[in-house]
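Visitor: What follows is a predicted protein model with its sequence.
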Amino acid sequence: MTNESALTRRGVVATGAVVAAAALAACATYGKEDASPANSSAPDSGRPAGKALAKTVDIPVGGGVIVGDTVVTQPSAGTFVGLSAICTHAGCTVSSVSGGTINCPCHGSKYRLDGTVSHGPAPRALAPKPVRVVGDSVMLG
């Protein structure tokens, strides 16, 4: 074994270690959102802050609308509730708001207009999302 071949093996092993460390770092951060201040004002729906989700007149009392990954309901006149549109059972997106419930098409879960489970298999309520009324619009945030 020559000194040149030993260095080559060391180089290969060192390079492999660096590649493995980089791969582990990439796996550890995959799917995590950037928490930098530049991204902190962007809401979950992918809409920029300050954009209306819906007009208040388009959200029926005792019903709701689905906008992207957000559900906006109006359980009683003038009360608006923002919820995640992602079912807590298997991660499907809910597909409708009808008959006083928010309905998931995948396995039949139903949620009340406040997001609590009405009918399983969903194990827990839909995650709340902050909404506010500005003029005649419901805004995220």
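Guide: Nice, I can see it. The model shown is predicted, which means the values in this text are computed figures rather than measured ones.

Visitor: from here on, contacts and neighbour counts on C-alpha atoms
Guide: Noted.

Visitor: Point out where this structure drops to low pLDDT.
Guide: Applying pLDDT under 70 to the chain flags the ranges 1-50.

Visitor: in stretch 54-65, what's buried?
Guide: Neighbour-count burial for stretch 54-65, counted by 16 or more other C-alpha atoms under 10 Å, picks out Ala54, Thr56, Ile59, Val61, Gly62, Gly63, Gly64, Val65.

Visitor: Restricted to strands, list those.
Guide: Judged by DSSP state E, the buried residues of stretch 54-65 include Ala54, Gly63, Gly64, Val65 as members of strands.

Visitor: picking that back up, biggest separation within the buried residues of stretch 54-65, which pair?
Guide: Taking C-alpha to C-alpha, the two most distant members of the buried residues of stretch 54-65 are Ala54 and Gly62; they sit 15.7 Å apart.

Visitor: picking up where we left off before, is it possible to export the buried residues of stretch 54-65 to CSV including distance to Thr116?
Guide: Shown next, in CSV, are these (distance: C-alpha to C-alpha, whole Å):
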residue, distance to Thr116
Ala54, 22
Thr56, 22
Ile59, 19
Val61, 17
Gly62, 15
Gly63, 14
Gly64, 14
Val65, 16
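
Visitor: Closest one to Asp136 out of the residues you listed, please.
Guide: Thr56 (5.6 Å).
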